[in-house]
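Asker: Please find the sequence and the predicted model below.
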Amino acid sequence: MFNAIARKFITAFGRRYDFDVSYQLYLADHSGSAFRTFARACKLGWHRQRVSPQVAMAVQLVAIQFEDCGSCTELMIKLAREAGMEEAEINTVLSGHADGLQEELALACRYARTVLRHEESAGVLEEVRQRWGEQGVIDLAMAVLGARLYPQMKWALGFASPGAACAMVGGRPALMAAEA
């Protein structure tokens, strides 16, 4: 019974967003327990107490792009639009440059890049704390972790490949605008 319900939900999600959900179907088909655990873990990226949906989505865009999964990045772009991000904001976030972004979006992107690159983060963490408090730090941390979950699961289950993962996103490579 669970499997039929899970498959219906997963398939509807895939149709709605024109997204290949084969790795999720595989998970549900071979281990309902693992799929339930994965589904609960997916909530990480949607946890918010202090930051706006747009700020969280900016962080998720940076994190998903860092994972270099074109299809996941395309999905996150659609979700960012639904969350109210403007097309220009999305494009600027994906470009790797903060020029022209609202201050809070620029800070969120800087935070995400610092975390993803494992760089010294005391300065950016203090800025995040000053702007959104401890709950804001937690919100952004959860957004980074939550976004990375999907492409990591695809790779771990064998549903990603270098050719597929490096797919173009809007005419440009999915890789984070390097070292920007």
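Answerer: That came through fine.
Asker: so where do the strands sit in this structure?
Answerer: 168-169, 172-173 (DSSP state E).
Asker: May I have the residues that are in contact with Ala147?
Answerer: Neighbour list for Ala147: 45, 59-61, 63-64, 67, 76 [criterion: Cβ atoms under 8 Å, 6 or more residues apart in numbering]. Placement of C-beta: from N, CA and C, glycine included.
Asker: I'd like to know which of those residues is nearest to Asp139.
Answerer: Nearest to Asp139, judged by Cβ to Cβ, of the contacts of Ala147 is Val59 at 8.5 Å.
Asker: Spatially nearest residue to the closest one, not counting backbone neighbours?
Answerer: Among residues not flanking Val59 along the chain, Ala143 sits closest, at 4.0 Å (Cβ to Cβ, 6 or more residues apart in numbering).
Asker: any low-confidence regions in this structure?
Answerer: By pLDDT under 70, the low-scoring segments of the chain are 162-180.
Asker: Okay, helices next: where are they in it?
Answerer: Shown for the chain, the helices assigned by DSSP state H span residues 2-17, 22-30, 32-41, 53-66, 70-82, 87-95, 103-116, 122-157, 162-165.
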